[in-house]
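*Asks:* this is the structure alone, sequence omitted:
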């Protein structure tokens, strides 16, 4: 992650737009520029974009797609994503301040053994170690990170396909209530968090290779 990107991201502390019960949503289809994969995402998820005039080294919109730790990236932060969707920014600050689904290609894993052995060890060793998505087996891991009164939970899935190491991630950014006075931050409920994570899970489950 570049210094310029880190400086911009450090100032971000936001909340998420929470799903409304019974609200009708639209489904969007994303296909990679090279036609190698596709996935679906539904409102209120938004597509993050990299390299705009506003922020050439960042994913935008910044308040939804960036944090102090990269959200649209591999679990170990060595590679930026090639596609990323996020929950949009809300006006109020909430304890769940970021949530994204990302697709990355691990640039230094040129062989299957290097790809599959490169995931960080899981913080939950009793969780399943593989996951099948549209008939493709992915190696699975769950890790976490923390810094400056924030924490991140990362669910990562890797597979080697067509000579490339693909990693799918769902990352959530959590804020501590410690730095805030009463009333300055809204605590995200279990039901709200489950709804947001469920939408990202649906996007993950829709992922499939096209060639």
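*Replies:* Alright, I've got the coordinates. Fair warning: this is a prediction, and the values are worked out from it, not measured in the lab.
*Asks:* which non-adjacent residue is nearest residue 38?
*Replies:* residue 31 (4.5 Å; Cβ to Cβ, 6 or more residues apart in numbering). In short, each C-beta sits where N, CA and C put it, glycine included.
*Asks:* now do that neighbour against residue 47, distance only.
*Replies:* 12 Å (Cβ to Cβ, to the nearest Å).
*Asks:* tell me the first helix or strand C-terminal of the helix ranked longest in the chain.
*Replies:* Longest helix in the chain by number of residues (criterion: DSSP state H): helix 190-206. Downstream of helix 190-206, the first helix or strand assigned by DSSP states H and E is strand 208-209.
*Asks:* that following strand pairs with which strands, parallel or anti?
*Replies:* In the sheet, strand 208-209 lines up against strand 37-42 (antiparallel) (DSSP bridges).
*Asks:* got the angle for the strand it pairs with vs helix 190-206?
*Replies:* Strand 37-42 runs at 150 degrees relative to helix 190-206, counting by axes from the mean of the first three to the mean of the last three Cα atoms, to 10 degrees.
*Asks:* buried ones in strand 37-42, by neighbour count?
*Replies:* For strand 37-42, the buried set under the neighbour-count rule, 16 or more other Cβ atoms under 10 Å, comprises 37, 39, 40, 41.
*Asks:* I'd say residue 36 and residue 207 touch.
*Replies:* No. Between residue 36 and residue 207 there is no contact under Cβ atoms under 8 Å: 11.3 Å.
*Asks:* the closest residue to residue 52 other than its chain neighbours: what's it in contact with?
*Replies:* With Cβ to Cβ, 6+ apart as the criterion, residue 52 has its nearest non-adjacent residue at 5.3 Å, and that residue is residue 60. Taking Cβ atoms under 8 Å, 6 or more residues apart in numbering, we find residue 60 in contact with 48, 49, 50, 52, 54.
*Asks:* and what of residue 99?
*Replies:* So residue 99 contacts 16, 86, 87, 170, 171, 172, 173, 196, 197, 200 (Cβ under 8 Å, 6+ apart).
*Asks:* relative to residue 41, how far out is the last one?
*Replies:* Translated: residue 200. 9 Å.
*Asks:* overlap of the contact sets of these two?
*Replies:* residue 101.
*Asks:* work out for me the element the most centrally placed residue in the chain sits within.
*Replies:* Nearest to the geometric centre of the chain sits residue 100, at 3.0 Å (Cα atoms, centre = their mean). Counting by DSSP H and E, the element that carries residue 100 is strand 96-105.
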